[in-house]
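Q: Okay, structure incoming, though there's no sequence with it:
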């Protein structure tokens, strides 16, 4: 399955947009679109790993007890059980490719 990521990006003024691109029995691929000031609150999954890949922009990521600023071309891994989240504290849009394995039960 070929995906043109830019064609799926949709930004919303009221909250972060989370777009499911593809799901298999073992993984899910999402696109997260964050306007400046938007965030995904810190949370955790006991049985899922998550990988955030920055496609455009810059954001502040929390994984475990640490925070890092990542820009386009960088990624961070949140292993199962680690609290994680992202905040777009920049003045520009933030576009992320997000891998989750295994996929959430509701996928």
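A: Everything's here; your move. Just so it is clear, the model here is predicted, and its values are computed rather than measured.
Q: any weak-confidence spans in this structure?
A: 107 (pLDDT under 70).
Q: could you pull out the strands for it?
A: 17-23, 28-34, 39-43, 49-56, 58-63, 66-71, 75-78, 84-87, 94-101 (DSSP state E).
Q: can you put those in TSV and add mean neighbour count and distance to residue 2?
A: In short, each C-beta sits where N, CA and C put it, glycine included. Listed next are the strands of the chain as TSV, based on neighbours: other Cβ atoms under 10 Å; distance: least, Cβ to Cβ, whole Å:
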stretch	mean neighbour count	distance to residue 2
strand 17-23	15	10
strand 28-34	21	12
strand 39-43	15	27
strand 49-56	18	16
strand 58-63	20	27
strand 66-71	13	26
strand 75-78	17	21
strand 84-87	20	27
strand 94-101	20	15
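Q: Same list, these, but as a markdown table with distance to residue 1 please.
A: What follows is those, written out as a markdown table (distance: least, Cβ to Cβ, whole Å):
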| stretch | distance to residue 1 |
| --- | --- |
| strand 17-23 | 6 |
| strand 28-34 | 10 |
| strand 39-43 | 25 |
| strand 49-56 | 18 |
| strand 58-63 | 27 |
| strand 66-71 | 27 |
| strand 75-78 | 21 |
| strand 84-87 | 26 |
| strand 94-101 | 15 |
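Q: What residues are recorded as beta-bridge partners of the nearest residue to residue 69 once chain neighbours are set aside?
A: In this structure, residue 69 finds its nearest non-sequential neighbour in residue 60, 5.4 Å apart by Cβ to Cβ, 6 or more residues apart in numbering. Per DSSP bridges, the residues bridged to residue 60 are residue 69, residue 87.
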